[in-house]
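K.L.:
A structural model of the following input is requested.
(2 chains)
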Amino acid sequence: MLFKLNRQVLVMAVSASVLLATGCGGVKTTSTGGEGDYPTGNIQMSVGASPGGSTDLITRAIAEGVGKELGVSVPVVNKPGANGALNAKELQAAKPDGYKIAVQNASLFTITPLAVSANEVVKLDDFDLLGGISQDDYVLIAPVGSGYKTIADLKKAGKNIKYGTTGVGTGAQLASALTFKQAGIPATDVPFDGGAPALTALLGSQVDVATIQVGDSIEQIKAKKVVPLAVFSGERIKFLPDVPTAKEQGYDVVVSQYRFLTAPKGTPDNVKTKLADAAKKTYATDAYKKFNDAHCLTPIEVSPDEVRKILDGYATKYKGQLEQFGISLAAKK
Amino acid sequence: MGGFVDGFGVVLEPANLLYCLIGVVIGMLIGVLPGLGPAATIAILLPITYGVEPVSAIIMLAGIFYGAQYGGTITSVLLRLPGEASSVVTVFDGHALAKQGRAGTALGIAAIGSFIGGTVSIIGLTLLAPVVASVALDFGPPEYAALSLFGVLLVATVGNGSRLKAVIAAGFGLLLATVGRDTFTGASRFTFDSLNLADGIDFVPIAMGLFGLGEILYNLEERHHKVQAPAAVANVWPSRADLRQARGAIGRGSVIGFVLGVLPGGGATLSSLVAYAVEKRRAKEPERFGRGAVEGVAAPETANNAAATSSFIPLLTLGIPANATMALMFGALLIQGIAPGPQLVTEHPDLFWGVINSMYLGNILLLIMSIPLVGVFVKILKVRPAVLAPITVLITLLGVYTVANQVFDMFLVIVFGVLGYLMKKFGFEPGPLVLAFVLGSVMETAVRQSLLIFGGNPMGFFTRPISGTVLVALIIVLTLPAVRVLVRRRKERELV
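P.N.:
Below you'll find the predicted structure:
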């Protein structure tokens, strides 16, 4: 008898807990639907690159701040592949509830489509934008012994210039190709897999010049191991105040890497506002400002509309320039 | 040398000792788990380092990096799961020894070799870092092209079965290396319009599938033919005879590892392969290799640890991170307000020497930890295959997932598992395939970069001192046997 009763109690307890569990699940679903109490759980930030790169480090810096601001955990998950397209497609397919967001690179939308096959192209319109983050600039450098100090010096050299870049479909490749074409300098593009190998090749004088990110080369510049010939930003940057832009030297080349915060299309407005506010508060912290300076990043913490305008502008401009000068980033295809 | 002595003062501060210990323990643990590498671990731990002194932070992160090299051996030997390209070669003889019940010998030799290789390399780093760094800069794409060609040709000789089958497997490995986006034109190759294949195939699913899963599937079939008892675990520690046998291999492996490790990219893998090939070539009975030769474990394990240590040279002396892990340490230093560059030694001598000297200590800690752990890990082999195999499969799938957080890679590992099973069944070895795959992508990039630099003229390879020497040596080695055969034939004809 006692045994039987116990069993009944047990069954009741089990069914009650099952009900409770499903009940809880129900409550959670409505709350993640974008009501006022967002966020109730972890927000995952995915990165379309391996750990250690600029995009990864920026994501981690923002994740820490946003997590503190919203009082939830913000785990960072690396999903490298296809210059970030793989991660972008996954984010695009994710539920638009604000629990999956990502920092994305402008080059994926403005430059990479000029170099890769159609199925790898990702469109900006497939995402909700949360705001701009920062600008990462490129610098054209030469070994210190080469005697080159400006782009004009390269022209005077009167030979075929071999230039290293950070890879096919990157801003480094675009900026160099445009510069050499406009200057009428015969040049050969030697792509490397990122900034470090390109810098190594330059230091060993395997290539004549190289275009890489400022953050990757600033110490070499300070140590006078390499000479900066030009930066490719619109205006001079504060990390290299004495280095003239390509524009100042007479070439219409403005190429930078922009990064911005994105969410899947259809994310509720109040969720977007909360995320954008948390990001803004993060940008205002000293720790984050220090991070930007350490990596030579210039803040571009602008509104989503502004981001769209900048990106659309560059996408059109690059496409037109490539056609105008007859340059193909996907050479010898 | 004042900085060097002060560096020990830095390391021996109790807090730094503790961080060094934490680092090597974490490193060893993640090394044991295949897939989860030091780069991912350091990325997760990065925020913790913000609140710590720069020197302590880097001492800990460095400990994770070289500690992982120790741990990686364990799964290679016991479960045939090489987590890194640089421990593929260890599998050949390490797993063979484990099957003979001599896993303890293999792990013990590997620990001793790793310790000596690591320490020799740190001494090299202490004395020669700036010199070596400038030599490393002379290694451009043409030199990489020549070296990787040398590596690919060596691949065919490391196997134990038919030479023809090894060449076929290596050829297939080279073909697999071409999958993905062409890094020079952006064109997609063999990707079947799948974004998952756009960057090519990762090393981990291939190695885990062909070695780990393939072996398990093969053993399943074997069980129907004969009852397989778990190998009796004999001596846990290498005997004096084993040590004597491994002595030369450890010495040569240290030097090979130190030299090749300085080269960013495939340095560690190449050094383990070269060290193994050298030992096999020197051996009186080369047929012992692949069947449990002690030198076959000692050489690659010594070399890959030495290489791991010397891969710090480009970061510490030039400010160039040679791999993803180094890039993260670079980032960690930047956050601390220290920019690693050519001036690091003069501006922050305490950091430079503190980190280097912590490695002496870290290696000693790792050796001390390894001794009791070898005894523990070896017991894994006492577990019945019926229990061990499913756990191994689970660890494999989990590990592969952690590489890029993609389910696709888990399917890949299954595909390569079936391929590994079929290869073993038909007498092909996975080693040549995996190594050719790793070196193939290095070779393709280097050859094409070189040709761009030479303006399309292949003679450029021969006009540079280093690449020219390597290539001429290769041609001599390759043609010598053929010439010998011709000479012998002519003599025979004369006799007739």
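K.L.:
Beyond the worst-scoring helix or strand of chain A on mean pLDDT, next helix or strand please.
P.N.:
None of the helices or strands of chain A scores lower by mean pLDDT, DSSP states H and E than helix A:2-31, at a mean of 44. Remark: after helix A:2-31, the chain's next helix or strand is strand A:44-47, criterion DSSP states H and E.
K.L.:
For that following strand, name the packing helices and strands.
P.N.:
helix A:54-70, strand A:76-78, helix A:85-93, strand A:100-105 (3 or more CB pairs under 8 Å, 6 or more residues apart in numbering or on different chains; DSSP states H and E). The C-beta positions use only the backbone N, C-alpha and C, and glycine is treated the same way.
K.L.:
how about the last one, does it reach chain B?
P.N.:
I take that to be strand A:100-105. No: contact between strand A:100-105 and chain B is absent, the nearest approach being 12.4 Å (criterion: CB under 8 Å from any CB of the partner chain).
K.L.:
Just the closest residue of the stretch 151-300 of chain A to chain B, please.
P.N.:
Nearest residue of the stretch 151-300 of chain A to chain B: A:Glu219, at 2.8 Å (CB to the nearest CB).
K.L.:
Could you look up the SS state of A:Ala230?
P.N.:
Secondary structure assignment for A:Ala230 (DSSP: H, G, I helix; E, B strand; the rest coil): strand.
K.L.:
I figured it hits A:Ile141, correct?
P.N.:
No: at 9.3 Å, A:Ala230 does not count as touching A:Ile141 under the criterion of CB atoms under 8 Å.
K.L.:
which neighbours do these two share?
P.N.:
For the pair A:Ala230 and A:Ile141, no residue contacts each of them under the criterion CB atoms under 8 Å, 6 or more residues apart in numbering or on different chains.
K.L.:
And the residue of the stretch 151-300 of chain A closest to chain B, which helix or strand is it part of?
P.N.:
The secondary structure element spanning A:Glu219 is helix A:214-222 (assigned by DSSP H and E).
K.L.:
Give me the helices and strands touching that helix, please.
P.N.:
Other elements packing on helix A:214-222 under the criterion 3+ CB pairs under 8 Å, 6+ apart are strand A:127-143, helix A:195-203, strand A:226-231.
K.L.:
looking at the ones you listed, which has the lowest confidence?
P.N.:
Set side by side, the helices and strands packed on helix A:214-222 differ in mean pLDDT, and helix A:195-203 is lowest with a mean of 92.
K.L.:
Give me the contact list for that helix.
P.N.:
Outside of helix A:195-203, the residues within contact range by CB under 8 Å, 6+ apart are A:141-143, A:164-166, A:172, A:190, A:192, A:207, A:209-213, A:216-217, A:220, A:225-226, B:137, B:140-141, B:264-265, B:314, B:318, B:320-322, B:327, B:449.
K.L.:
Next: stretch A:300-314.
P.N.:
Contacts of stretch A:300-314 with the rest of the structure, by CB under 8 Å, 6+ apart, involve A:106, A:109-110, A:124, A:128-135, A:255, A:258, A:260, A:276, A:280, A:283.
K.L.:
want to throw the helices and strands packed on helix A:214-222 into TSV with mean neighbour count?
P.N.:
Compiled in TSV, the helices and strands packed on helix A:214-222 are given as follows (neighbours: other CB atoms under 10 Å in any protein chain shown):
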stretch	mean neighbour count
strand A:127-143	25
helix A:195-203	25
strand A:226-231	23
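K.L.:
buried sites along stretch A:82-100?
P.N.:
Using 16 or more other CB atoms under 10 Å in any protein chain shown as the test for burial, stretch A:82-100 gives A:82-91, A:94, A:96-100.
K.L.:
hang on, I meant stretch B:177-194
P.N.:
For stretch B:177-194, using 16+ other CB under 10 Å, the buried residues are B:177, B:179-188, B:191.
K.L.:
near chain A, which residues of the stretch 201-350 of chain B?
P.N.:
By CB under 8 Å from any CB, the part of the stretch 201-350 of chain B that sits against chain A consists of B:264-265, B:314, B:318-322, B:324-325, B:327-328, B:330-331, B:334-335, B:337, B:339-343.
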